[in-house]
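A.B. asks: okay, here's the prediction I keep looking at, along with the sequence it came from:
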Amino acid sequence: MKTSLLILALASGAFAGPPVLARITPAALAKIQQGNPITDLPQTPESAPQVARPAEQSIIKQSMILHDGKNWTLVPKGAVIFLPEAMKSRVDAKPVGTLLSWADFLTKNVSWITTNEVSFEQAAGNQALPADRVTFWAKQDKIVVAVHQNGPISVNIAKESLTITQR
C-alpha cells in the first residue's frame, strides 16, 4: 500500500505542466504594448468629447424628497399618488441626514409609507387606478407611492380618476 502511494506521488510530477520560469521584463512588456492599438488611443481627459447637458436638468428637480428626520430618499415626481394631510411635512422638505436607497428607506419607514404596484398603462394614464384601492387609501394614514417591479414610477393621473388628496 505504501509503495503504491509512493509511486503515485512520484508519477504525479510527470502529469503536471511545466513550471513557469520565464518572467516578463519591462522591456518585453513595452514591446508587447507597442503592437496593441488600444495603447495608441489618447488617454487625456481633454480629448474626451464634451456632452452638453441642459442647465435646468437635475435629478433633484425631477424628484420628490421623502424624509423621516434622520434619513431621506428620492422618488420621481408623480410617484406619490396619495398624500394624507398629516404626512405633508415628510414630503419635499430639505434633505436632512443620510441618503438611502428606495428599498432601504421603505424598509425603515413601512409604518407610514406603503406602495401600490402599477402597470405601464396605469403609469402612462391610459388606464385608471382601481377605485377600490383609491377608497382604501383614504381610510389609512400612509403615503402611497406608485411602484413598478418594486421601483418607484411616475404616474400620470387624470383629474377625474383620482378624487383623493394628492401632491
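C.D. replies: Alright, I've got the coordinates. Keep in mind it's a predicted model, so treat the numbers as computed, not measured.
A.B. asks: any residues touching stretch 54-61, and which ones?
C.D. replies: With contacts defined as C-beta atoms under 8 Å, 6 or more residues apart in numbering, stretch 54-61 is touched by Leu74. C-beta coordinates here come from the backbone N, C-alpha and C atoms, glycine included.
A.B. asks: straight-line length of it, end to end?
C.D. replies: 12 Å (C-alpha to C-alpha, to the nearest Å).
A.B. asks: tell me how far that stretch lies from the chain's centre.
C.D. replies: Relative to the chain's own centre, stretch 54-61 is displaced by 19 Å; criterion: C-alpha atoms, centre = their mean, to the nearest Å.
A.B. asks: kindly report the same for stretch 97-117.
C.D. replies: Distance, centroid of stretch 97-117 to centroid of chain: 14 Å (C-alpha atoms, centre = their mean).
A.B. asks: just the buried positions in it, please.
C.D. replies: Within stretch 97-117, the residues that count as buried by 16 or more other C-beta atoms under 10 Å are 100, 102, 105-106, 109, 113-116.
A.B. asks: reformat the residues you listed as CSV; add pLDDT.
C.D. replies: Shown next, in CSV, are the buried residues of stretch 97-117 (pLDDT from 0 to 100):
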residue, pLDDT
Leu100, 93
Trp102, 94
Phe105, 94
Leu106, 95
Asn109, 94
Ile113, 95
Thr114, 93
Thr115, 94
Asn116, 93
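A.B. asks: where do the strands sit along this protein?
C.D. replies: Per DSSP state E, the chain carries strands over the ranges 63-67, 71-76, 80-82, 98-99, 113-117, 143-148, 151-152.
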